[in-house]
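Enquirer: Give the three-dimensional model of this entry:
(chains A and B)
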Amino acid sequence: MWVSYAGSRAWSCEQCRENPSLRRRRGSCGGEFQGGLPWLKRDEEGPYVMAYRIAPDCDPSWGEQQVRRCPIADANRLAPLAQTYQAHRAGLGSLWDFYRSPSCAVVEYWTELHHQTELMRARARERAAEEARHG
Amino acid sequence: MSFIFATSAEHIVEVVSTVDPAVEASDEAKVEYLNTRDESLLGDTSGATRFKLRALSPQAREEAEIEAGVYSRSELGRMLYMEQPTDPAERARWQHDLPVDEREALGDYQRYLSRCYRELLRAGLVEVVGHDGDPLELLDRIRPDHHRMVLTSELVTHIQALSLLPPAGK
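Expert: Residues are numbered from 1 along each chain as shown, chains lettered A, B, ... in the order given. Reported below is the predicted structural model:
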């Protein structure tokens, strides 16, 4: 969600498609990050990139996390759940219409997604108000 | 990070236990299996007993917790349980030094956790493959007792991983 919020400044699959060596350095869709990746840091658990480098201008609660696998690969795996939430927000149906028997994990995921979406909207409103104040 | 949770409460997976004598793997591989459910880490598991587990819906999870006594458990015991040291020797001394009422509260909370494990198993353990009968009763017959306890703990770990969003996923 924060990746899409950051727009073209964020990591995306297109960047890896255009540059196969970048794909390898980013762990080839889910593997460990490899040397030569910009902004790569290391600690005792291995290589990581700060989340705000992956999605600039994200919420600080996400931006301060140490990301050790490409979050786009994980997001792609969860895309059907996110699309269901977006369809629900667009008024196309209730979540129940899409998932008749959701696990606790799915309900948790939607709750978290909703919370973060509201945070994102609040940030956008705050920014718009700030810009209006300063012309 | 890879996601191993199920999206549907009707989703069923098969697992094996790392204490099963038919499973021969390194300790690291066994720990990794509990985190990933990737059976290839354990090598040949063809002779191992298999357990069918399902993910819990929010209702099933709540019912299991209520049945275990979530509304009457000791909150003091819960607080002490969260505060206890991780090192076993240090924890033993810490527990020994607790006043009697706090020790009882801690014991009460640990009994609640045991009941909770049992209710989660009742809700999430579908079948012991190849064995007829109530799966919980079959588990109770497993000896030595240490194996039964580790197996119970492993099955609950799998049910929770199947049912809940991992902290890193948030």
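Enquirer: the longest helix in the chain is where?
Expert: Let's take chain A. The single longest helix within chain A, with elements called by DSSP state H, is helix A:104-133.
Enquirer: meant chain B actually
Expert: Ranked by residue count, the top helix of chain B under DSSP H comes out as helix B:100-124.
Enquirer: Report the buried residues of it.
Expert: By 16 or more other C-beta atoms under 10 Å in any protein chain shown, the buried positions in helix B:100-124 come out as B:102, B:105-106, B:108-109, B:112, B:115-124. No exception for glycine: its C-beta is placed from N, CA and C like everyone else's.
Enquirer: Give me the subset of those that also touch chain A.
Expert: Counting by C-beta under 8 Å from any C-beta of the partner chain, nothing from the buried residues of helix B:100-124 sits close to chain A.
Enquirer: For chain A, which segments count as helices?
Expert: Secondary structure of chain A (DSSP H): helices at A:2-6, A:13-18, A:20-25, A:51-54, A:60-63, A:71-77, A:79-89, A:95-98, A:104-133.
Enquirer: Residue A:116 is in contact with residue A:58, isn't it?
Expert: No. Judged on C-beta atoms under 8 Å, residue A:116 makes no contact with residue A:58 at a distance of 9.5 Å.
Enquirer: With neighbour numbers in mind, choose between those two.
Expert: Between residue A:116 and residue A:58, counting by other C-beta atoms under 10 Å in any protein chain shown, residue A:58 is the more crowded of the two (23 against 18).
Enquirer: Any regions of the chain where pLDDT drops low?
Expert: Just going to use chain A. In the predicted model of chain A, residues A:135 satisfy pLDDT under 70.
Enquirer: my bad, chain B
Expert: Chain B contains residues with pLDDT under 70 at B:1-2, B:167-170.
Enquirer: which phi and psi does the residue lying farthest from the centre of it have?
Expert: The centre of chain B is farthest from one residue, residue B:99, which by C-alpha atoms, centre = their mean lies 29.5 Å away. Backbone torsions for residue B:99, taken as degrees, to the nearest 10, come to phi -60, psi 160.
Enquirer: Now do the SS call for residue B:15.
Expert: strand (DSSP: H, G, I helix; E, B strand; the rest coil).
Enquirer: residues bridging contact with residue A:116 and residue A:58, i.e. touching both?
Expert: Common neighbours of residue A:116 and residue A:58, counting by C-beta atoms under 8 Å, 6 or more residues apart in numbering or on different chains, are residue A:2.
Enquirer: and the gap between residue A:47 and residue B:70?
Expert: 41 Å (C-beta to C-beta, to the nearest Å).
Enquirer: which one of the two has more residues nearby?
Expert: Shown here are residue A:47 and residue B:70; by other C-beta under 10 Å, residue A:47 has more neighbours (17 against 14).
Enquirer: doesn't residue A:40 make contact with the more buried one?
Expert: Yes. Counting by C-beta under 8 Å, residue A:47 touches residue A:40, with 5.5 Å between them.
Enquirer: which residues do those two both contact?
Expert: Residues touching both residue A:47 and residue A:40 by C-beta under 8 Å, 6+ apart: residue A:33.
Enquirer: Buried residues, the longest helix of chain A. List them.
Expert: Of all the residues in helix A:104-133, those buried under the rule 16+ other C-beta under 10 Å are A:104-110, A:113, A:116-117, A:119-120.
Enquirer: what do you get for stretch B:12-26?
Expert: So stretch B:12-26, judged by 16+ other C-beta under 10 Å, has buried residues B:13, B:15-20, B:23, B:25.
Enquirer: Alright, I will stop here.
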